[in-house]
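S.K.: here's my sequence, what's the structure:
(2 chains)
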Amino acid sequence: MAAKREPRIGLFLCHCGKNIAGGLDLEALAESSKGLAGIAYVTTHKFCCSEGGQAEIAGAIRGQNLDRVIVAACEPSLHLLTFQRCGEEAGIEPQFADLVDIRKWTMPGSPQKVDPGLALEESRKTVELAVKRMRLKRPVPLVTVKAEQAALVIGGGIAGLEAALDLADKGYQVHVVERQPTIGGKMALLYKVYPTNDCAPCILAPKTAYANIHPKIELLTNAEVRSVKGHVGGFRVEIVQSPRYVDTDTCTGCGDCVAACPRRVRDDVYAAGLGPRKAVFIPYDQAIPRKAVIDAANCLYFRNGTCRLCEKACLAGAIDFNQQPRTIGLSVGAIIVATGFEEYVPSAKTEYGFGRFGNVVTQFQLARLLDIDGPTKGRLLRPTDGREPRTIVMIQCVGSRDETAHPYCSGICCMYALKHAQIIREMVLPETEIHICYIDMRTPGKGFEEYYRRTRDMGILFIHGKPSEVAERPETKSLVVKVEDMDIGRPLELEADLVVLSCASVPPAGSEELSRILGIERDDSGFFKELHPKLRPVETRVRGVYLCGAAQGPKDIPASILQARAAASFADGELRRGTIRLPASMVKAEEIEKGGA
Amino acid sequence: MDRRDNASSSAPALGPDASFRRDVLRHEEARGLYACFSCGACTAGCPISEVFPEFSPRKLAKRVKLGLKRDVLEDPYIWRCTTCRGCEQHCPQNVRLYDILNVLKNMAAEAGFAPPAWVEQTRWVMRTGLVYPRDAALAKKRRARSLPALMSRGEQAERLIARTGADKIKAREEP
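M.R.: Residues are numbered from 1 along each chain as shown, chains lettered A, B, ... in the order given. Okay, here's the model as predicted:
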């Protein structure tokens, strides 16, 4: 074996205008870096990413005979590709071009900014480590592997379905994994959607129905991802599908089993805890698949071995108590995470009485109460006495913009509060007084400010203030909301027959586990983390795994659709050539043979 | 006691009254009040607020929407509006605050909260047809310009004002 040749590393320190040069002594950093083992050349440039900066790097690679390059500047997610491409132009493989972030210590506005002395010290450490790493790097050859012409979409809500349909229409085989027994996600439960007040199931149905019949889409409901191995182009996925105890091939969705079932339980999902369902049930009329499902935890047969009335009632013989969990193995080229969100459970905000006072509900519960297919068939009735409320108070930012719960703005709550106020005023109870207590109204979408104005014109009253507490009058179960109206600077007591809490959108249960299975990060709020908050909002740190919809952060339907299409576009971009070049270290030997490099 | 000193937090909580708001907004010209989102451009441009900072069109609009009936009708500041309509010029939501103020003044007058000076002046106009008292100097000036002497009584004005019902208005009791 030939003697190991010392690599010739070029180090380029970027001023980034004054973002870096203004916060530390770059010349001192350059001087101290010159002595590092492996360093052959050090220089600084005002903007390394500029055309001139890149030309200088390329020139130095040729002129100084460099074989490795480190740029100390900004975040790798921002410009690593820039410098890898620049190096490649001058004959250096991408794996031997690196970018390390020293700007975080110096840039005005950076949360990690420190004084110039400390910034210099931290930057020295950063550069020293980068140089050590680069010096020890061995070349890893790139190999060509097969890109599976298939994708996995995790989550069958509006975002996941949009991405699935996009990819399926492009010719990829798409597997949609949905935890619930029906696809459709949260959107199916919204009754109407802003700013058009369209019927939500009506505008969702074309997507769900198309996904259901699409020859390139496989819907796996009642299913969850258990493990993921492999790499972009060749992920090996294991999925577990829970038994439905109903054979979906023979079930006709007639509902005879539901009628026969003697066991009535509270429906926490499709009636938001405000109505009953049977132990065997069809989630709702537009459910897909529109097939019955047995809730084993409540079924009398599973509890004590009796009953089986559904089995007797089913003429098709579709009930199958012997179904077992099924493990499904898939091979896919890309994975799209569209696991959405959940509504924050506001019982922790004890001052608002949710869970204690029967007439305090959440906006998602209100949506079910307003829905003509909901537990009250669209009549707005108070949970405690079935009376129509004469006065309603909505409280915004419950669990959002709250350092004791979730610091972020959930972004959709202002609009859905306006939507529900409009629906009640226009279609349900026109005489009912509606007050919306808010900190700020945020309506930045297209047509949204007009929607807000229309809500005001309807005579909905806005109270500029966050209520301090909700009290209940024991005799009537009505409520008193204490709030200071900031506009007039005086405390108010609002009488309310019904209080509605606009709660934060939070990551769904299981997000942490899924982040481990996929190897992707989560942000401080628990949502899945994109590669760059501004420029790379769809990619994750795992190549081939993309995000869309509320899984990446709270967002509304138009934004989810956009991101879903973007995620599908990224997946298509990776897979469309049929092969992918990857570092050999990522790929198993037998696969390289199979892929035919 | 100045009720518009809102700084004191010991004030008891107010109970909004929707019927007052509806009474005000029954008037077509006041209907736009719902559009108000309390941006405060009206107050920022109000010459009265400049002189009397305790008066705020923004807060007045909200007090009406909240239905704080007595609080609004008793408010002496609603009578101090110069009718410059600056608030309407500044309003980004086309709220006709000047018209709303007229509705409020009518309601306040009916409820017996008109300021004595305002009632006195109305009576003067009914009696004389003039806003200001005439005096010997004015009569002399008119003579010098060959203008006819003024009527001794404002009969037309009296009839006009009587039609509006302004003659029935009682002034509020000053402390």
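S.K.: rest of the way, CA atoms for contacts and neighbours
M.R.: OK.
S.K.: domain map for chain B?
M.R.: As given by automatic domain parsing, the domain ranges for chain B are B:18-110, B:116-168.
S.K.: right, and these - which one's nearest chain A?
M.R.: Chain A sits nearest to domain B:18-110 of all the domains of chain B, at 5.0 Å, using C-alpha to the nearest C-alpha.
S.K.: what's the spacing between that closest one and its chain's center?
M.R.: The chain centre lies 10 Å from the centre of domain B:18-110; the measure is C-alpha atoms, centre = their mean, to the nearest Å.
S.K.: can you flag the weakest of the domains of chain B by average pLDDT?
M.R.: Least confident of the domains of chain B, judged by mean pLDDT, is domain B:116-168 with a mean of 81.
S.K.: all helices of chain B, in order?
M.R.: B:18-25, B:41-44, B:47-51, B:57-66, B:69-73, B:86-90, B:97-110, B:116-128, B:136-144, B:155-164 (DSSP state H).
S.K.: please disregard the earlier target; I meant the stretch 101-250 of chain A.
M.R.: Secondary structure of the stretch 101-250 of chain A, counting by DSSP state H, counting those that start in this stretch: helices at A:116-136, A:158-169, A:200-213.
S.K.: looking at the ones you listed, which is closest to chain B?
M.R.: Using C-alpha to the nearest C-alpha, the nearest of the helices of the stretch 101-250 of chain A to chain B is helix A:200-213, at 27.7 Å.
S.K.: using CSV, write out every CA atom in the closest one.
M.R.: Taking Å, rounded to 0.1, in the frame of the first residue of the first chain, the C-alpha atoms of helix A:200-213 are listed here in CSV:
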residue,chain,number,x,y,z
ALA,A,200,-65.6,19.9,4.1
PRO,A,201,-66.6,16.3,3.3
CYS,A,202,-67.9,17.5,-0.1
ILE,A,203,-64.7,19.0,-1.2
LEU,A,204,-62.6,16.2,0.4
ALA,A,205,-64.6,13.4,-1.1
PRO,A,206,-63.2,13.8,-4.7
LYS,A,207,-59.7,13.2,-3.2
THR,A,208,-60.7,10.3,-0.9
ALA,A,209,-62.8,8.6,-3.5
TYR,A,210,-60.1,9.0,-6.2
ALA,A,211,-57.5,7.6,-3.8
ASN,A,212,-59.8,4.7,-3.1
ILE,A,213,-60.1,3.6,-6.8
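S.K.: which helices and strands does it pack with?
M.R.: With contacts defined as 3 or more C-alpha pairs under 8 Å, 6 or more residues apart in numbering or on different chains; DSSP states H and E, the packing partners of helix A:200-213 are helix A:158-169, strand A:192-193, strand A:217-220.
S.K.: next, format those as CSV and append mean pLDDT, distance to chain B and mean neighbour count.
M.R.: Below are the helices and strands packed on helix A:200-213 laid out as CSV (pLDDT from 0 to 100; distance: least, C-alpha to the nearest C-alpha, whole Å; neighbours: other C-alpha atoms under 10 Å in any protein chain shown):
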stretch, mean pLDDT, distance to chain B, mean neighbour count
helix A:158-169, 98, 33, 27
strand A:192-193, 97, 23, 21
strand A:217-220, 98, 47, 23
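S.K.: select, out of those, the one closest to B:S146.
M.R.: Closest approach to B:S146 among the helices and strands packed on helix A:200-213 (C-alpha to C-alpha): strand A:192-193, 75.8 Å.
S.K.: neighbouring strands of the closest one in the sheet, and parallel or not?
M.R.: Neighbouring strands of strand A:192-193 in its sheet, by DSSP bridges, are strand A:198-199 (antiparallel).
S.K.: so what's residue 139 up against?
M.R.: I'll assume chain A. By C-alpha atoms under 8 Å, 6 or more residues apart in numbering or on different chains, the residues touching A:P139 are A:Q95.
S.K.: ah, I was thinking of chain B
M.R.: Here B:A139 is in contact with B:A149 (C-alpha under 8 Å, 6+ apart).
S.K.: now the one 4 residues further on
M.R.: B:R143 sits next to B:A149 when contact means C-alpha under 8 Å, 6+ apart.
S.K.: which positions in chain B make contact with chain A?
M.R.: With C-alpha under 8 Å from any C-alpha of the partner chain as the criterion, chain B meets chain A at residues B:6-7, B:9, B:11-16, B:32, B:34-36, B:38, B:58-60, B:62-63, B:65-66.
S.K.: mind giving me the ChimeraX select for those, buried ones only?
M.R.: Entered in ChimeraX, the line below selects the buried ones among these, by 16 or more other C-alpha atoms under 10 Å in any protein chain shown:
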select /B:14,16,32,34,35,36,38,58,59,60,62,63,65,66
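S.K.: just the helices in the stretch 401-550 of chain A please.
M.R.: Counting by DSSP H, counting those that start in this stretch, the helices of the stretch 401-550 of chain A are A:413-423, A:448-457, A:511-518.
S.K.: looking at these, which is closest to chain B?
M.R.: Using C-alpha to the nearest C-alpha, the helices of the stretch 401-550 of chain A put helix A:448-457 closest to chain B, at 5.2 Å.
S.K.: got a list of contacts for the closest one?
M.R.: A:P195, A:M415, A:L418, A:A421, A:Q422, A:T443, A:F462, B:G32, B:Y34, B:A35, B:C36.
S.K.: now do the buried residues in it.
M.R.: Here helix A:448-457 shows A:F448, A:E449, A:Y451, A:Y452, A:R453, A:R454, A:T455, A:R456, A:D457 as buried, counting by 16+ other C-alpha under 10 Å.
S.K.: which one of those is nearest to A:R577?
M.R.: A:F448 (41.2 Å).
S.K.: ok, residue 159 - contacts?
M.R.: With no chain named, the answer covers chain A. So A:A159 contacts A:A338, A:G340, A:C548, A:G549, A:I557, A:S560, A:I561, A:Q563, A:A564 (C-alpha under 8 Å, 6+ apart).
S.K.: the chain in question should be chain B.
M.R.: Applying C-alpha under 8 Å, 6+ apart, we find B:R159 in contact with B:M126.
S.K.: what's the spacing between it and A:C49?
M.R.: Note on B:R159: its distance to A:C49, by C-alpha to C-alpha, to the nearest Å, is 85 Å.
S.K.: tell me the SS of A:V393?
M.R.: The three-state label given to A:V393 by DSSP: H, G, I helix; E, B strand; the rest coil is strand.
S.K.: cool, and A:L369?
M.R.: Per three-state DSSP, A:L369 ends up helix.
S.K.: over to the one 3 residues further on?
M.R.: Counting by three-state DSSP, the backbone at A:I372 sits in coil.
S.K.: pretty sure it sits against A:L366.
M.R.: No. With contact defined as C-alpha atoms under 8 Å, A:I372 does not reach A:L366; the gap is 11.8 Å.
S.K.: these two: which is more packed in?
M.R.: Applying other C-alpha atoms under 10 Å in any protein chain shown to A:I372 and A:L366 shows that A:L366 carries more neighbours, namely 24 against 14.
S.K.: for that one, which non-adjacent residue is closest in space?
M.R.: A:V500 (7.3 Å; C-alpha to C-alpha, 6 or more residues apart in numbering or on different chains).
S.K.: quick one: residues contacting that neighbour.
M.R.: By C-alpha under 8 Å, 6+ apart, the contact set of A:V500 is A:V360, A:V361, A:T362, A:Q363, A:L366, A:I392, A:V393, A:M394, A:I395.
S.K.: how close does it sit to chain B?
M.R.: For A:V500, the distance to chain B equals 19 Å [C-alpha to the nearest C-alpha, to the nearest Å].
S.K.: burial of A:T350, as a residue count?
M.R.: When neighbours are counted by other C-alpha under 10 Å, A:T350 registers 12.
S.K.: repeat for A:K446
M.R.: By other C-alpha under 10 Å, 10 other residues sit near A:K446.
S.K.: okay, it: pLDDT?
M.R.: Listed pLDDT for A:K446 reads 94.
S.K.: not counting its neighbours along the chain, what's nearest residue 27?
M.R.: Using chain A here. Spatial nearest neighbour of A:E27, excluding adjacent residues (C-alpha to C-alpha, 6+ apart): A:T44 at 7.9 Å.
S.K.: hmm, no, I was thinking of chain B.
M.R.: Nearest non-adjacent residue to B:H27, counting by C-alpha to C-alpha, 6+ apart: B:V103, 7.6 Å away.
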